Each structure stands twice: as structure tokens, then as C-alpha cells.
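>>> prediction below, plus the sequence it came from.
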Amino acid sequence: MGHPPAFDGPVIAVSDLRMRYGDKDVLTGLDLEIESGGVTALLGPNGAGKTTTIEILEGFRARSGGSVKVLGTDPAHGDERWRAGLGVVLQEWRDNGKWRARDLLQHFGEYYKPYSEPWGADELLDLVGLAPQAGQRVQTLSGGQRRRLDVALGIIGRPGLLFLDEPTTGFDPHARREFHELIHRLTDLDGTTILLTTHDLDEAEKLAERILILAGGRIIADGSPDKLARAAATTAEVKWLQDGRLQIHATDDATDFVRGLLATDGGTVTDLEVHRASLEDAYLSLVARFEAGQAEAAVDTFKEATA
Ligand SMILES: Nc1ncnc2c1ncn2[C@@H]1O[C@H](COP(=O)(O)OP(=O)(O)OP(=O)(O)O)[C@@H](O)[C@H]1O
């Protein structure tokens, strides 16, 4: 006995996933396949359905339609052995405050013994950088330490697939960096596959090989950070002063536009600037428009920018 049985095939296979709360459609046909290994980040504006998606994949929420396989099993019918192959770190987890960190891990590790060889508590505390806090009560840990303990609980059974829902919300920059180092360490170990949700594009770019953007009920962008950034950067904004007045022009071919401008301006153009849209620009504008209630228009513009 060691790790849960290795799984052959995509660790997540979702097709036409739909979710409706009352009369509100949150997921309207989500398709997704994730192969084993590496970190995938699921991004999207508030209320886009990230947590809903993750909870369906974890088997905590019944879907309205579509087909879902996680580690080869439909989460709606996952048994204990299947669940033991998953690691779950929820957005908030506030129980167990009186337990000491090491005792808590030892206790939870017992649950996994029929299915895998769980981490020993001390080894795991070391891995997540909490060895000095081993004897401390959970309620006395800082926010960042608490989150690392959450991750320790999530990975204690050596899961093949780890879900992290907004793992660094509320972190200061130092805690965030330490957490990112921990995620890198986990993917180096045992090839754990990680799916995390975040609001933060910068975090997604740092951690993930693959970024998925969820908006308007489906995945509207899917690719490596580089690929998405290159796609978003095709439009450029050219700014200049002419006769003391600011002029702005958006173009797909800034070089050609500037050549034409300078050939005909008679020397009146000054302060010329070319600003290439970054992935961040495209994403922030998506989020702002989404939050202003212009979801559909926002999705169309973003798709055009990253197609
Ligand atoms: N149990 C529920 N009953 C009714 N509506 C719900 C329920 N859970 C979520 N919703 C709604 O579904 C939408 C998606 O919520 P969800 O939490 O999945 O989004 P999210 O992308 O994770 O958001 P955030 O980034 O704010 O965490 C929201 O409009 C939310 O209000």
C-alpha cells in the first residue's frame, strides 16, 4: 500500500456542465479536461461560479446537468476510496481551534489508513513549514499558518488531485510568497495535480501552467499564461499630442499605424506612446464590466482580445 491507485486518463473530464440555482443559470455548458500533473488555475469574477464548479467536482454539490468524471468516477457516486484520492482545501474552515496542530494531523491521518499511506504528522508539518508550531493550538496560528495547516489536512492522504479554493485570500505578500513556494514543492512531490481558484491573475501566472477563465457560465479562455498574454497583447493603444491635444487610437498593427502617422504629420506629433494591452488589462476590464452588470458584452470583448 502506498498512494491511492494511479489513475490512467484525464483526472478531470467535464462536458456540458450546467448548474442552475432557482431561476439563475450559473454554469451554462462548461467543458474541461485536465490531464495528470501540474497546476491549473481557475479564474473569474466574483459570482462567476468557481466555487460551484469546484464543489461539483469534489462531489459536495449536485449538478443540474452534464457529465463529470473526476479520477474516472462521477463525483455524484464517489465512494470513500475515491474521496480518499482527493485533497480538498475549502475557502473557509474554522473548526478544530482547540486542537494542537500535530494532534489534529495525526487524528485525520488515521482516516486515510485503509486507502493510502498518509503522511506522518511531523513530516507533513515540516513540509508545510509549520514544524515550530507543532504543539500550538490551531486557534493561535496566524492566518497564513492556518492556511498552510489547511493544505496539510488536504494532502495528508497523498491525494492524486488537490483542490484549493482561493487559498491565499487575506494573505500579506510574505505569506503569499511562502504559500506559492509550498505549492511548487507539492507539484514536485508525487506529481500531485492541483486545481486552484483565485481572483488574482498575478497569482495564477506565478503558479499555474494553465489558466482557465470562467465567465458567463463557461470557460472563455484556456491556455498557458504566455499564450493568453500573447493573445491579449495583439491590440495596442497609440497615444500622442498633436497641436497640444491628446489623441488616442487603438490598432492591431501599431508599427504600421505609427509609420503612417509620422509620414503625414508634418512634424506636429509629440509625446508618442504605444501601450500594448496586457493579459491583466484584458482581465481587469472583463472583471470591471462583469461587476457592472455587463456580463455578456464583457465576455465577448475578452474573447475577441484573446481568441
Ligand atoms: N447555494 C446557493 N443557492 C443559490 N445561489 C447560489 C448558491 N451558491 C452560489 N450561488 C450563486 O451562484 C453564483 C456563483 O457562485 P460561486 O460561489 O460559485 O461563484 P465564485 O466564482 O466562486 O464567486 P467568488 O469569487 O465570489 O467566490 C453566485 O451568483 C452565487 O450567488
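Ah, there it is.
>>> most centrally placed residue in the protein?
Closest to where the C-alpha atoms of the chain average out (Cα atoms, centre = their mean) is residue 41, at 2.6 Å.
>>> now do the buried residues in the helix or strand in which it is found.
In this assignment (DSSP states H and E), residue 41 forms part of strand 38-43. Neighbour counts over strand 38-43 (16 or more other Cβ atoms under 10 Å) mark 39-43 as buried. To be clear about C-beta, it is placed using only N, CA and C from the backbone, and glycine gets the same treatment.
>>> dump the helix or strand that it is followed by to CSV, keeping only the CA atoms.
Downstream of strand 38-43, the next assigned helix or strand under DSSP H and E is helix 50-58. Output of helix 50-58 as CSV, limited to C-alpha atoms (Å, rounded to 0.1, in the frame of the first residue of the first chain):
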residue,chain,number,x,y,z
LYS,A,50,-15.7,29.0,-9.5
THR,A,51,-16.7,27.6,-6.1
THR,A,52,-19.8,26.0,-7.6
THR,A,53,-17.6,24.2,-10.2
ILE,A,54,-15.1,23.0,-7.6
GLU,A,55,-17.8,21.8,-5.3
ILE,A,56,-19.4,19.8,-8.1
LEU,A,57,-16.0,18.2,-8.9
GLU,A,58,-15.5,17.4,-5.2
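>>> distance from the chain centre to the helix or strand that comes right after helix 50-58, please.
Per DSSP H and E, the first helix or strand lying C-terminal to helix 50-58 is strand 65-70. Chain-centre distance of strand 65-70: 20 Å, with Cα atoms, centre = their mean, to the nearest Å.
>>> could you say what helices and strands the helix or strand containing residue 20 packs with?
In this assignment (DSSP H and E), residue 20 forms part of strand 12-21. Helices and strands touching strand 12-21, by 3 or more Cβ pairs under 8 Å, 6 or more residues apart in numbering; DSSP states H and E, are strand 24-34, helix 50-58, strand 65-70.
>>> let's see it at 10 Å
In terms of contacts (3 or more Cβ pairs under 10 Å, 6 or more residues apart in numbering; DSSP states H and E), strand 12-21 is packed against strand 24-34, helix 50-58, strand 65-70, strand 218-223.
>>> quick check, residue 162 in contact with residue 71.
No: applying Cβ atoms under 10 Å as the test, residue 162 and residue 71 come out as separate, 11.8 Å apart.
>>> neighbour count: the two, which is higher?
residue 71 (25 against 22; other Cβ atoms under 10 Å).
>>> and that one, what does it touch?
Counting by Cβ atoms under 10 Å, 6 or more residues apart in numbering, residue 71 touches 4-7, 9-13, 36, 78, 81-83, 85-86, 159-161, 193.
>>> filter the residues you listed down to the ones in helices?
Counted as lying in helices by DSSP state H, out of the contacts of residue 71, are 81-83.
>>> save those as a markdown table, and put in pLDDT too.
Shown next, in a markdown table, are those (pLDDT from 0 to 100):
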| residue | pLDDT |
| --- | --- |
| 81 | 90 |
| 82 | 93 |
| 83 | 91 |
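>>> and which of those is nearest the ligand?
For the ones in helices among the contacts of residue 71, the residue nearest the ligand by Cβ to the nearest ligand atom is residue 83; the value is 20.9 Å.
>>> can you report how many residues lie near the nearest residue to that closest one once chain neighbours are set aside?
Nearest residue to residue 83 in three dimensions, chain neighbours excluded: residue 59, at 7.0 Å (Cβ to Cβ, 6 or more residues apart in numbering). Close neighbours of residue 59, defined as other Cβ under 10 Å, add up to 20.
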